[in-house]
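Peer 1: kindly return the folded structure for what I paste below:
(chains A and B)
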There are 2 protein chains.
Amino acid sequence: MSVSRRHVLRGAIAVGTVAATPAMAAAAPARIERWGVHEIVLQGPSQGNSFDDVHVAATFTCDGMQVTVPGFYDGEGVYRIRFSPPELGRWSWRSQSNVEPLDGKAGVLQCIEPARDNHGPVRVTRDGYHFAYADGTPFRQIGTTSYSWALQSDAKCVETLATLRTAPFNKMRMCLFPNVASVATNPFARAGAGLHDWDPARPDPAYFRRFEDRIRRLGELGIEADLILYHPYDAKRGYSDMTRSDDERYLRYVAARFGAFRNVWWAMGNEYDAILTKTVADWDHLFEVLQAADPHDRLRSIHQITVYYDHRKPWITHASVQNGAAVMDDVPAQLHRSFALKPVIFDEVLYEGNSDKRWGRLKGEELVERFWWGTIGGTYVGHSETFSDDHNADTSWLGQGGKLIGTSVPRLAFLRRILEAAPAPGIEPIDTWGGYHLAGKKFEYYLRYFGAARPSEWAVTLPGRANDTHGSYRAEVIDTWNMTITPVDGVFAMSPRDAYDFHDPKRPTLALPGTPWQAVRLIKV
Amino acid sequence: MSVSRRHVLRGAIAVGTVAATPAMAAAAPARIERWGVHEIVLQGPSQGNSFDDVHVAATFTCDGMQVTVPGFYDGEGVYRIRFSPPELGRWSWRSQSNVEPLDGKAGVLQCIEPARDNHGPVRVTRDGYHFAYADGTPFRQIGTTSYSWALQSDAKCVETLATLRTAPFNKMRMCLFPNVASVATNPFARAGAGLHDWDPARPDPAYFRRFEDRIRRLGELGIEADLILYHPYDAKRGYSDMTRSDDERYLRYVAARFGAFRNVWWAMGNEYDAILTKTVADWDHLFEVLQAADPHDRLRSIHQITVYYDHRKPWITHASVQNGAAVMDDVPAQLHRSFALKPVIFDEVLYEGNSDKRWGRLKGEELVERFWWGTIGGTYVGHSETFSDDHNADTSWLGQGGKLIGTSVPRLAFLRRILEAAPAPGIEPIDTWGGYHLAGKKFEYYLRYFGAARPSEWAVTLPGRANDTHGSYRAEVIDTWNMTITPVDGVFAMSPRDAYDFHDPKRPTLALPGTPWQAVRLIKV
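Peer 2: Numbers count the residues shown, from 1 in each chain, chains lettered A, B, ... in the order given. Next up, the predicted model:
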């Protein structure tokens, strides 16, 4: 994933792969950048069901740290163990297996400084409500969804990746199981031509190999891959309706196969509550299985249609939410933080597009508005679009990827630039109860958003008590639709107005253009 | 609690009290109405610390049912066991104790039909989001708060009860420990005159006897007593800062003493997160203690200042919430149902009054608006008022009770009448995501609320698919402030408008007066 962008379409694979031999421990150690992938390749049995019958893992140690990483069977007698070293230094490893050829192998690797654009995996920040890469760089989530882009033809995937290269999105939600019409439709070995003629005990290595190529290519673009492990849109094939033991095998397989890639997030279910074959207790169990199977501890969440999952549960790292109304104002957006006590991403808020369905016919303005209100509520929002000449085939970006034609995209790029310039770790809601519609970092940086309203002025009144340091602020009027930032002359020299607020008594208001989609940014001077 | 209202101020006690004797089982059984209180009085030791050293309980059995009810020490060698029979029939009981005089006593009681105005305790309805009395009568919560009314002089309590007799409130939030200036300030035996000279091991029976008299008098008025067990407003005496074992004794005492009264609810903490001596794990533990100590299984919740408690936890029966902004619209109100998956009461939404504090200076209109938005969100709201000539002494209704002078009260009575006439079990939010601001019962009864907006017409468009039964509706325009209900001539004969909505194509709109605080009620004809 440290490979430069010009290589993206030529299949660069940012993985250090070694074939382990007994002599390896004595050889010069492999050099792997921090947060890269070290892959151990072992030869073992190819008879029977190697997915179930053979267990292999390796324990990596360095300086008192110890990580045990499960491996996976990649077909034709090949077993792979993928490890992403979290710290610099010399790591040694030793394999354990229930079959002789895979057991007791050993080696070393030298974890070296990461390349410049490798910031590590995204984690929740210490304050609990935002994200940052492992090296501390803030991650300002501007997500999109293309359910089955990774399952389309290579040519279509190239087109999607070319689109993403210039798009503002840094996270892609994508299904592991096919959703809309796709080229790759068989995650499991087929035993016949019927819809149900597939064997959950035999994941098809070619399907997953293809999928992981897409994950890597997203990584090369600096895009997180939010992998949707189950969804309810394929009841006829039933990939999301497996038995518990088949589910466990599947989760352990994807965790071993994909978990070492630093851009992987786990989206356990899309509209989990529409998958009628699983109960909440089942989901809880599957999270425990996934968490235990993933020593890299990637981010985990789950997304609902109607019944909110309890995102306070310990295996959830952040709330992934679908809600069509909650980001029409900062108050309901912020409430999701109060409930989850974790970062909140509104991964689905209706889509921009020309669908006749209510969920897919937002105007660009309406989708951008949702991103802004979500921002003011201290949360993050996700995009997709449904434009299609043929909605039955679901040829839209949401279904298959390809090109983006909506008007929201450049405005989301504009928003992303504003977020990148905002204080770390992220935009915080400010006194939501007081109806200020303000966010930022108190006494340092403020964003005020006005949505569809058309004010011609704003009373520059900020919450703060008499003992606070009020300071002076410069102001900019931001047109979030026309993408302009207009500085306001002079500064606002603030002092207490009453017991709750402060303002500049000589300059209590600021002029606004009387058009919709305005915001104001105040920065302390 | 079956005593008629004219007795209220003369100390009527709706409890059947018997002094148990060995011969009792042979005597004619006591007759206790269903959901009334049967009290067994036993004589036992008065030496040592009877609160800690003596355990007594009785097991009540009837027709395969069995309930074990802990007793409590009421001072001077008197032990009481209070049981509220949940079912009609002949109940026999037998006591267990670690001291001889209290052990092995036995008796019978005949549980008879309840009096006309005894509907039993309030429970959560089967749909999960509303309340009803045990006999099925819906309970439409219109609550108020007067923290320390019960701890004032008898004369002041008489005044408060007289106010409540004609007020719309059917639930009172009240603190067990003193908050503002009070006459009764010593829940525990005093060992000296200093602030900390009290003994948590010795609850003062006189204090609790006095308090339970207030609970009974509320019951006689048909008002639920929502007992706040801890609060953060008295750090100097520290009643909410006891050790774990002292807390456990206290909770077991109040559960045994008050739990049989059918109008009791448990409000574990008011602004629990401002009580700095307890962690969330402590609160969880105290709920488990309370639940185990309360065989009558009264409603249980807890209320926050900042950090929402997780109301999905199994011992919570409904969400009790403080939020100053969430009931300014139906969307955020409804979200609390999605999070808790239980009934929601916004017990604190700022108060009507003349305080200079932001939390106590709402206009009547603003408080009534919060009740209406909460209703449209499928939730319930609580009132209080802060009017006072002397805010330091906290002589307001919120602090000490007395008279109500706010303008919201008659409007809340008007709202209560509307709710009483609405479908059971309660007002449901309808398609909140769609921005309809509608609630009621789909295809039968609708309320549309407009808040502070001043529309002069409303497009009578209701969500529903082509296959639904659309029917015809009569309409009324409700002025929620001026308390008028104006019928609209004729009916709206509904038919599909598009894939999502239906309306009357001949009559798509309804005229409104262009004033604030309007609502519309549609009832199927």
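Peer 1: can you list the domains in chain A?
Peer 2: The domain map for chain A lists A:5-112, A:136-420, A:442-524, with the assignment taken from automatic domain parsing.
Peer 1: distance from the chain centre to the longest one, please.
Peer 2: The gap between the average C-alpha position of domain A:136-420 and the chain average comes to 8 Å, counting by C-alpha atoms, centre = their mean, to the nearest Å.
Peer 1: ditto for the first one
Peer 2: Taking C-alpha atoms, centre = their mean, one finds the center of domain A:5-112 at 26 Å from the center of the full chain.
Peer 1: would you mind naming what in chain A lies close to chain B?
Peer 2: Residues of chain A lying near chain B by C-beta under 8 Å from any C-beta of the partner chain: A:307-308, A:310, A:312, A:323-326, A:328-329, A:331-332, A:335-336, A:338-339, A:341, A:356, A:358, A:432-435, A:499-500. In this view, the C-beta of every residue, glycine as well, is placed from N, C-alpha and C.
Peer 1: among those, which ones are buried?
Peer 2: Buried subset of the residues of chain A next to chain B (neighbour count, 16 or more other C-beta atoms under 10 Å in any protein chain shown): A:308, A:310, A:312, A:323-326, A:328-329, A:331-332, A:335-336, A:338-339, A:432-433, A:500.
Peer 1: how much space between A:Asn392 and chain B?
Peer 2: Distance, A:Asn392 to chain B, using C-beta to the nearest C-beta, to the nearest Å: 16 Å.
Peer 1: A:Asp468 now?
Peer 2: Separation of A:Asp468 from chain B (C-beta to the nearest C-beta) stands at 16 Å.
Peer 1: what about the closest residue to chain B within the stretch 101-250 of chain A, neighbour count?
Peer 2: Closest approach between the stretch 101-250 of chain A and chain B, counting by C-beta to the nearest C-beta: A:Gly128, at 11.2 Å. Counted with other C-beta atoms under 10 Å in any protein chain shown, residues neighbouring A:Gly128 total 13.
Peer 1: my read: it touches A:Lys342, true?
Peer 2: Yes. Counting by C-beta atoms under 8 Å, A:Gly128 does reach A:Lys342; the two are 6.4 Å apart.
Peer 1: so which of the buried ones among the residues of chain A next to chain B sit within helices?
Peer 2: If you go by DSSP state H, these have A:331-332, A:335-336, A:338-339 in helices.
Peer 1: need the helices for the stretch 301-450 of chain A, in chain order.
Peer 2: Using DSSP state H, counting those that start in this stretch, the helices of the stretch 301-450 of chain A run over A:330-340, A:364-376, A:397-400, A:408-420.
Peer 1: same list (the ones you listed) but as JSON lines, adding distance to B:Gln141 and mean pLDDT.
Peer 2: What follows is those, written out as JSON lines (distance: least, C-beta to C-beta, whole Å; pLDDT from 0 to 100):
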{"stretch": "helix A:330-340", "distance to B:Gln141": "21", "mean pLDDT": "98"}
{"stretch": "helix A:364-376", "distance to B:Gln141": "31", "mean pLDDT": "98"}
{"stretch": "helix A:397-400", "distance to B:Gln141": "43", "mean pLDDT": "96"}
{"stretch": "helix A:408-420", "distance to B:Gln141": "42", "mean pLDDT": "98"}
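Peer 1: okay, those in CSV with distance to B:Pro508 next?
Peer 2: What follows is those, written out as CSV (distance: least, C-beta to C-beta, whole Å):
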stretch, distance to B:Pro508
helix A:330-340, 29
helix A:364-376, 24
helix A:397-400, 33
helix A:408-420, 32
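Peer 1: phi, psi for A:Arg82 please.
Peer 2: Dihedral angles of A:Arg82 (phi, psi; degrees, to the nearest 10) stand at phi -120, psi 130.
Peer 1: pLDDT score for it?
Peer 2: Per-residue confidence at A:Arg82 stands at 98 (pLDDT).
Peer 1: go on, A:Thr469?
Peer 2: Reported pLDDT for A:Thr469: 89.
Peer 1: got the contact list for it?
Peer 2: A:Thr469 sits next to A:Phe443 when contact means C-beta atoms under 8 Å, 6 or more residues apart in numbering or on different chains.
Peer 1: now do the SS call for the nearest residue to A:Phe261 once chain neighbours are set aside.
Peer 2: For A:Phe261, ignoring the flanking residues on the chain, the nearest one in space by C-beta to C-beta, 6 or more residues apart in numbering or on different chains is A:Ile215 at 5.4 Å. Look at A:Ile215: counting by DSSP: H, G, I helix; E, B strand; the rest coil, its state is helix.
Peer 1: tell me the contacts of A:Ile215?
Peer 2: A:150, A:225, A:227, A:258, A:261, A:263-264.
Peer 1: sketch out the low-pLDDT regions of chain A for me.
Peer 2: For chain A, the stretches flagged by pLDDT under 70 are A:1-27.
Peer 1: what's the distance between A:Thr480 and chain B?
Peer 2: Where chain B is concerned, A:Thr480 sits at a distance of 21 Å (C-beta to the nearest C-beta).
Peer 1: which of the contacts of A:Ile215 has the most neighbours?
Peer 2: Among the contacts of A:Ile215, the one with the most neighbours (other C-beta under 10 Å) is A:Ala150, at 28 neighbours.
Peer 1: quick check, that residue in a helix?
Peer 2: Yes. Under three-state DSSP, A:Ala150 sits within a helix.
Peer 1: how close does A:Asp329 get to B:Leu362?
Peer 2: 20 Å (C-beta to C-beta, to the nearest Å).
Peer 1: ok, now A:Ile215?
Peer 2: For A:Ile215 relative to B:Leu362 (C-beta to C-beta), the value is 53 Å.
Peer 1: what do you get for A:Ile523?
Peer 2: 34 Å.
Peer 1: for the residue in the stretch 401-525 of chain A that chain B sits nearest to, what are its contacts?
Peer 2: For the stretch 401-525 of chain A, the residue closest to chain B is A:Trp433, as judged by C-beta to the nearest C-beta, at 3.8 Å. Shown here is A:Trp433, whose contacts under the criterion C-beta under 8 Å, 6+ apart are B:323-325.
Peer 1: give me the neighbour count for the nearest residue to A:Trp149 once chain neighbours are set aside.
Peer 2: Nearest residue to A:Trp149, sequence neighbours excluded (C-beta to C-beta, 6+ apart): A:Gly401, at 3.0 Å. A total of 27 residues lie near A:Gly401 under the criterion other C-beta under 10 Å.
Peer 1: please apply the same query to A:Leu161.
Peer 2: 19.
Peer 1: list of residues touching stretch A:74-82?
Peer 2: By C-beta under 8 Å, 6+ apart, stretch A:74-82 touches A:15, A:37-46, A:50, A:54, A:56-58, A:69-73, A:95, A:102, A:205-206, A:209, A:256-257, A:259-260.
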